[in-house]
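J.: A predicted structure for the sequence below; I have some questions about it.
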Amino acid sequence: MMKEQLFNLIRKHKYNISIYTEEIFERRCQEEIIRSDEDNSSFVYLEFDFEVLQKEMPDIDTQLQFWNVFFAALNNSSRGSDIVGFLEHESGIGMLLLDSKLDGWNRVRGRIEQKGSVLGFEGIKDILKKTIRPILYPACIQVNDPVTAQPATATA
């Protein structure tokens, strides 16, 4: 259901955004892990889980407003190398910020927050802070506080 609503939003506003199917997105994630290992590069992995977001925004209109802000921000400022796709079982949207570290997430988050302010959705900053935990690969550092981007744990 959410998938159809998101595609309707993208069509309605004529956003120039492609969202990979879950199979292709999973394959791209695997390819980026291999590429990152071979090239000693890094990327940031993000999950925008529909269920988690719904708990923060029970009202469907608020959810659609969130996604409109998200897509508007990506449409205006996405790098061509960033990858967006559906998560397993279409449970959300995943995003890979290629050749990035946590500053890449800070950049994207800032643009989403700025677009939220422009479009009158001030609560987006709190929603992002509560629901999105960027993961940096290859360091596998998960961040507890994405606003300050302080690493919580590191695994080898």
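T.: Yes, it's here.
J.: ok, residue 91 touching residue 51?
T.: Yes - Residue 91 lies in contact with residue 51 (C-beta atoms under 8 Å); the separation is 6.8 Å. Every residue, glycine included, has its C-beta placed from N, CA and C.
J.: out of these two, which sits in the busier spot?
T.: The neighbour count for residue 91 versus residue 51, taken as other C-beta atoms under 10 Å, is higher for residue 91 (16 against 9).
J.: residues touching the more buried one, list them.
T.: 49, 50, 51 (C-beta atoms under 8 Å, 6 or more residues apart in numbering).
J.: Name the nearest of these relative to residue 75.
T.: residue 50 (20.2 Å; C-beta to C-beta).
J.: Can you give me the pLDDT of that closest one?
T.: We have a pLDDT of 97 for residue 50.
J.: burial measure for it, as a count.
T.: What residue 50 shows, counting by other C-beta under 10 Å, is a neighbour count of 19.
J.: Against residue 84, how distant is it?
T.: With distances taken as C-beta to C-beta, to the nearest Å, residue 50 is found 14 Å from residue 84.
J.: now do residue 18
T.: Separation of residue 18 from residue 84 (C-beta to C-beta): 7 Å.
J.: Please enumerate the helices of this protein.
T.: 2-13, 22-39, 50-56, 60-77, 102-118, 124-131 (DSSP state H).
J.: Dump these to a markdown table, plus distance to residue 137.
T.: Below are these laid out as a markdown table (distance: least, C-beta to C-beta, whole Å):
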| stretch | distance to residue 137 |
| --- | --- |
| helix 2-13 | 25 |
| helix 22-39 | 6 |
| helix 50-56 | 21 |
| helix 60-77 | 21 |
| helix 102-118 | 11 |
| helix 124-131 | 20 |
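J.: can you tell me which of these comes nearest to residue 138?
T.: Across the helices of the chain, residue 138 has its closest neighbour in helix 22-39 (5.6 Å, C-beta to C-beta).
J.: The closest one relative to helix 2-13, how many degrees between them?
T.: Going by axes from the mean of the first three to the mean of the last three C-alpha atoms, to 10 degrees, helix 22-39 is angled at 80 degrees with respect to helix 2-13.
J.: Which elements pack onto helix 22-39?
T.: strand 43-49, strand 83-86, strand 92-98, strand 135-137 (3 or more C-beta pairs under 8 Å, 6 or more residues apart in numbering; DSSP states H and E).
J.: Could you pull up the residues touching residue 48?
T.: Each residue near residue 48 by C-beta under 8 Å, 6+ apart is listed here: 70, 92, 93, 94, 95, 131, 132.
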